[in-house]
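**Q** Can you look at this prediction? I've put the sequence above it.
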Amino acid sequence: MPRGELLKKLFYSYSQGDTQSFHDVATEIIRDEESKNNRVLANALKRNLGYTQRPLPSPNGVGDKGANARKLSVVPIERDKQLPLVETIQPERRVSDLILNRNNQRILLSLLSEFRQRDVLGAHGLRARSRLLFCGPPGCGKTLCAEVFAHEAKLPLLVARMDTLVSSLLGETASNLRKIFDFAAVQSVVLLLDEFDAIARLRDDETLNGELRRVVNSLLTLIEQFRGQGFVIAATNHERQLDRAIWRRFDEVIFFEKPAKSEIIRLISLKFRNFKTDFDPVSVADFLAGFSHAEIERVCLNAIRRAVLNQRTVVNKRRFLESVALEKRRKDIAEHLPQ
């Protein structure tokens with residue numbers, strides 16, 4: 001949208017006391033400055049919009065409570081115990097640390113390309129995809145992928161703390177969610193909602209109380225209305241438990257699966273890149289069929305630990321297969337635990 005039109009909308013929303021529209025237009029102006037590489041001005045505008053303690057004055061001179069709710073100077077805090085609702089992480093894991101199948105790799109590369117060229121899309125009235133749902137069994141790289149994705153986008157990773165987000169106080173869980181989304185909307189971040197099924201359960205689930213149903217309703221609205229400068233990534237091991245309406249709110253859904261043989265070979269090579277072996281990864285890949293990424297990583301690290309403690313500089317095949325057997329025993333125990 002031309003700068004003149006944005007300024008008209010900004011002043012009009014101010015004159016009408018429409019704080020939501022004022023915030024949205026101001027955010028669009030900040031994005032425009034960032035796309036032109038005017039970082040100093042963009043950061044100054046962000047500080048004025050998102051960090052000031054003063055509420056936005058309404059036309060009648062009285063501070064607007066709705067505007068003040070959006071002025072976030074610090075990480076959002078839950079009301080009862082005053083604990084932080086999010087943890088901010090500077091991502092260090094790189095794309096070289098991640099093994100994905102080719103289809104998921106293509107999807108993520110296309111999302112990064114859209115993010116880097118969002119000004120081009122905006123000039124045509126289009127929005128880059130920014131709301132992502134990661135599904136799949138545990139240990140298959142969903143959280144790691146979120147960190148790598150944030151690193152490649154050059155954004156901090158904001159991880160929602162589910163232990164403090166979900167409150168025992170009536171109405172506070174939905175309020176906590178809004179605080180997190182408000183905070184993410186005025187920052188350039190990747191917001192990760194891990195264990196997403198804890199707050200996005202099927203509303204027709206008989207075990208769900210009325211309060212949690214209201215949380216799901218609020219969550220649907222927050223995801224749909226998210227227009228932040230980064231991404232929202234939700235991750236779950238239990239996609240079948242998600243409310244059906246949740247799926248429509250995401251721009252892209254990515255399924256993570258246990259690695260195929262070719263990915264197992266690449267993963268073994270990756271984990272032993274700094275430690276020698278006397279075997280070819282191809283020769284042991286079949287022993288790891290059905291293992292998750294995390295389980296394969298644990299096998300490799302256990303083999304390296306045992307070699308180091310035995311003052312060896314090479315992991316031999318026998319020691320590696322002993323580590324495989326230990327992990328298989330662990331898997332068998334987990335599978336026999338009551339559900």
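**A** Arrived safely, thanks for sending.
**Q** need the contact list for Asn217.
**A** Applying Cβ atoms under 8 Å, 6 or more residues apart in numbering to Asn217 gives the contacts Arg203. All C-beta atoms are positioned from the backbone trio N, CA, C, and that covers glycine.
**Q** do that again at 10 Å, thanks
**A** Taking Cβ atoms under 10 Å, 6 or more residues apart in numbering, we find Asn217 in contact with 174, 203, 243, 245.
**Q** For the last one, which non-adjacent residue is spatially closest?
**A** By the measure of Cβ to Cβ, 6 or more residues apart in numbering, the closest residue to Ala245 outside its immediate chain neighbours is Leu220, 5.7 Å from it.
**Q** List the buried residues for stretch 118-129?
**A** Counting neighbours by 16 or more other Cβ atoms under 10 Å, one finds that the buried residues in stretch 118-129 are 118, 122, 128-129.
**Q** likewise stretch 258-267?
**A** Quick answer for stretch 258-267 (16+ other Cβ under 10 Å): 258-259, 263-267.
**Q** mind listing which of those are in helices?
**A** Mapping those onto helices (DSSP state H) picks out 263-267.
**Q** all helices for the stretch 1-150 of the chain, in order.
**A** Along the stretch 1-150 of the chain, the segments classed as helices by DSSP state H, counting those that start in this stretch run 3-15, 19-35, 39-46, 65-69, 102-116, 118-123, 142-153.
**Q** ok, now which ones touch Val253?
**A** Val253 neighbours (Cβ under 10 Å, 6+ apart): 107, 131-135, 234, 239, 247.
**Q** what about the helix or strand hosting it, average pLDDT?
**A** Element membership for Val253 (DSSP states H and E) is strand 252-255. For strand 252-255, the mean per-residue pLDDT is 96.
**Q** Same question for stretch 135-144.
**A** 94.
**Q** need the helix or strand of this structure with the lowest average pLDDT.
**A** Lowest by mean pLDDT, DSSP states H and E among the helices and strands of the chain is helix 65-69, with a mean of 37.
**Q** Low-confidence regions, the protein specifically.
**A** Within the chain, the segments meeting pLDDT under 70 span 1, 15-20, 47-74, 168-170, 205-209, 338-339.
**Q** How is it divided into domains?
**A** If you go by automatic domain parsing, the domain ranges for the chain are 3-69, 86-255, 261-335.
**Q** How far off centre is the longest one?
**A** Just to be clear, that refers to domain 86-255. 5 Å (Cα atoms, centre = their mean, to the nearest Å).
**Q** show me the contacts for Arg31.
**A** Applying Cβ under 10 Å, 6+ apart, we find Arg31 in contact with 42, 118-119, 122, 188, 227-229.
**Q** SS state for the spatially most central residue of the chain?
**A** The structure's the chain has its C-alpha centroid closest to Leu192; by Cα atoms, centre = their mean the separation is 2.6 Å. Counting by DSSP: H, G, I helix; E, B strand; the rest coil, the backbone at Leu192 sits in strand.
**Q** Specify the beta-bridge partners of it.
**A** Val159, Ile233 (DSSP bridges).
**Q** dump the residue contacts of it.
**A** Leu192 sits next to 86-87, 89, 132, 134, 142-143, 146-147, 149-150, 157-160, 231-235 when contact means Cβ under 10 Å, 6+ apart.
**Q** close enough to count as contact, Ala245 and Arg203?
**A** Yes: using Cβ atoms under 10 Å, Ala245 makes contact with Arg203 at a distance of 8.1 Å.
**Q** Identify the contacts common to these two.
**A** Common neighbours of Ala245 and Arg203 (Cβ under 10 Å, 6+ apart) are 216-217, 220.
**Q** Identify all contacting residues around stretch 273-281.
**A** Against stretch 273-281 from outside (Cβ under 10 Å, 6+ apart): 96, 264-272, 284, 288, 300-301, 303-304, 307-308, 312-321.
**Q** Just these: which are in helices?
**A** Using DSSP H, these in helices are 264-271, 284, 300-301, 303-304, 307-308, 317-321.
**Q** Drop anything exposed from these.
**A** Buried, going by 16+ other Cβ under 10 Å: 264-268, 270-271, 284, 300, 303-304, 307, 319-320, out of those.
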